[in-house]
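J.: need a structure here:
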Amino acid sequence: MKSITALGDLTVDVLLKGMTELPDWGQEVRVAGMERRLGGNLGNMVRAAWMLSMDNFAIRSLVGDDEAGREILAWLKELGFDGEGVDILPGKGTSVTHAPVRTDGERSFLTYPGVVDDLDKLLTDDPKSDMIFLTGWSLPPNVSGSVLCEAMDRWQAAGKTVAADVIWESVGKKADLAWMDKVDLLFMNEDELMALTGPSVDVVKCAKKLHKRLRPGATLAVKRGAEGCLLLTGEDIYACASLPIEPRDAVGAGDTFNTAYIKAWSAGHPATACLAYASAFTAMHLDAGTPWPPCRQKAWEAAATLPMQRIT
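T.: Numbering: from 1, shown residues only. Prediction:
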């Protein structure tokens with residue numbers, strides 16, 4: 001079993017549920033419910049790793065010396081993480097995100113970054129693991145592009161696989177994308193893909209265009225929600241369906257997908273099996289009709305039923 005260290009953001013997520021509209025300035029909208037939980041891209045991955053019983057999954061992150069930071073450390077302990085790899089920065093605030101969640105599960109985010117602005121401190125690390133996973137907040141413009149590229153070169157020279165998942169900020173018009181030429185395994189959703197390649201109704205064409213800029217042998221996974229997902233590896237392109245579900249909410253869906261994929265990767269499964277497992281497990285995690293947390297074995301069984309099309 002290969003080992004994984006994920007670098008990124010730990011956040012207190014405040015979910016405002018059951019919304020049908022966002023208020024205009026000066027207005028107020030009531031919400032149907034509220035939930036406070038561990039979040040951030042890395043926090044969502046920790047929750048998924050706990051569901052997947054991943055004892056080969058370690059983290060590196062930062063919190064502030066405040067109540068929100070102590071809350072995050074307590075949540076980590078509940079999920080089997082003793083806080084190792086999480087540095088506490090004196091005098092700094094912990095990241096907090098408020099997420100309005102629409103009745104169909106779609107969401108928006110309002111984030112106070114706090115210590116997330118200091119994540120470049122972690123790029124001098126050399127974790128003793130087979131994969132280094134970079135969450136979106138570990139990418140430019142939140143960290144120095146040159147420092148990140150130097151770190152990626154160092155990790156890959158040591159034989160490590162470098163994976164990353166982008167966020168909106170990391171694919172913006174002013175984003176430094178030099179790191180993307182170095183990544184081994186890249187995750188993004190369809191909207192982020194379009195932000196990089198330009199809008200198009202032909203998602204496969206856009207994915208091909210982006211995949212060509214990656215290093216030889218790199219793999220690209222594109223998450224498409226209810227439409228399933230795409231995988232580009234070598235000269236091959238695959239489209240995998242998703243399970244039909246009634247979503248609870250979509251917060252953390254992409255991070256759950258990433259974690260399930262690298263769980264399967266760490267066990268030596270081929271890329272297509274990793275993709276199908278990630279699709280099935282994420283759908284079961286989101287489905288209001290599936291007991292939570294989802295059963296790992298049942299996710300494998302469901303993955304075997306998903307249509308997988310090789311695109312020429």
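J.: Please name every helix or strand in contact with the helix with the most length in the chain.
T.: Secondary structure of the chain per DSSP state H: the longest helix is helix 271-286. With contacts taken as 3 or more Cβ pairs under 8 Å, 6 or more residues apart in numbering; DSSP states H and E, helix 271-286 sits against strand 219-223, strand 229-233, strand 236-240, helix 253-266, helix 296-303, strand 308-311. For the C-beta atoms, the positions are set from N, CA and C on the backbone; glycine is no exception.
J.: For residue 33, what are phi and psi?
T.: Here is the backbone geometry of residue 33 (degrees, to the nearest 10): phi -170, psi 170.
J.: name the element the residue nearest to it when sequence neighbours are not counted belongs to?
T.: Excluding the flanking residues, the one nearest residue 33 by Cβ to Cβ, 6 or more residues apart in numbering is residue 17, at 4.2 Å. Assigned by DSSP states H and E, residue 17 belongs to strand 11-19.
J.: list the buried ones in stretch 133-151?
T.: Residues of stretch 133-151 classed as buried by neighbour count (16 or more other Cβ atoms under 10 Å): 133-140, 142-143, 148-149, 151.
J.: Show me what that stretch is in contact with.
T.: 4-9, 40-42, 45, 113, 116-117, 119-120, 122-124, 162-167, 169-170, 172, 174-179, 182, 255, 258, 262 (Cβ atoms under 8 Å, 6 or more residues apart in numbering).
J.: Around the residue nearest to residue 58 when sequence neighbours are not counted, count how many other residues there are.
T.: Excluding the flanking residues, the one nearest residue 58 by Cβ to Cβ, 6+ apart is residue 5, at 4.6 Å. Using other Cβ atoms under 10 Å, residue 5 has 22 neighbouring residues.
J.: so what strands line up beside the helix or strand residue 5 falls within?
T.: Residue 5 is located in strand 4-7, with elements delineated by DSSP H and E. Within its sheet, strand 4-7 is paired with strand 57-64 (parallel), strand 131-134 (parallel), according to DSSP bridges.
J.: average pLDDT for that strand?
T.: Averaged over strand 4-7, pLDDT sits at 98.
J.: what's the answer for stretch 82-92, then?
T.: Mean pLDDT, stretch 82-92: 94.
J.: the helices in the stretch 1-150 of the chain, which residues?
T.: Assigned by DSSP state H, counting those that start in this stretch, the stretch 1-150 of the chain shows helices spanning 40-51, 67-78, 145-157.
J.: Kindly reformat the ones you listed as JSON lines containing distance to residue 296 and mean pLDDT.
T.: Output for these, formatted as JSON lines (distance: least, Cβ to Cβ, whole Å; pLDDT from 0 to 100):
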{"stretch": "helix 40-51", "distance to residue 296": "8", "mean pLDDT": "95"}
{"stretch": "helix 67-78", "distance to residue 296": "19", "mean pLDDT": "97"}
{"stretch": "helix 145-157", "distance to residue 296": "29", "mean pLDDT": "97"}
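J.: which residues of this structure score low on pLDDT?
T.: Applying pLDDT under 70 to the chain picks out residues 173-174, 249.
J.: redo that, cut-off 90
T.: Scanning the chain for pLDDT under 90 picks out 82-84, 103-109, 136, 167-176, 198-201, 226, 245-252, 286-297, 312.
J.: which residues does the most centrally placed residue in it contact?
T.: In the chain, the centroid-proximal residue (Cα atoms, centre = their mean) is residue 255; its distance is 3.0 Å. Residues near residue 255 by Cβ under 8 Å, 6+ apart: 41-42, 44-45, 48, 135, 165.
J.: can you do 6 Å?
T.: Contacts of residue 255 were listed using Cβ atoms under 6 Å, 6 or more residues apart in numbering, and they are 41, 44-45.
J.: which one of the residues you listed has the most neighbours?
T.: residue 45 (28 neighbours).
J.: ok, back up a step: among the buried residues of stretch 133-151, which one lies nearest to residue 104?
T.: Nearest to residue 104 among the buried residues of stretch 133-151, counting by Cβ to Cβ, is residue 136 at 23.4 Å.
J.: Name the nearest residue to the closest one, ignoring sequence neighbours.
T.: residue 167 (2.9 Å).
J.: ok, how many other residues are close to the one you found?
T.: Neighbours around residue 167, by other Cβ under 10 Å: 21.
J.: Any figure for the gap between it and residue 137?
T.: When Cβ to Cβ, to the nearest Å is the yardstick, residue 167 and residue 137 sit 7 Å from each other.
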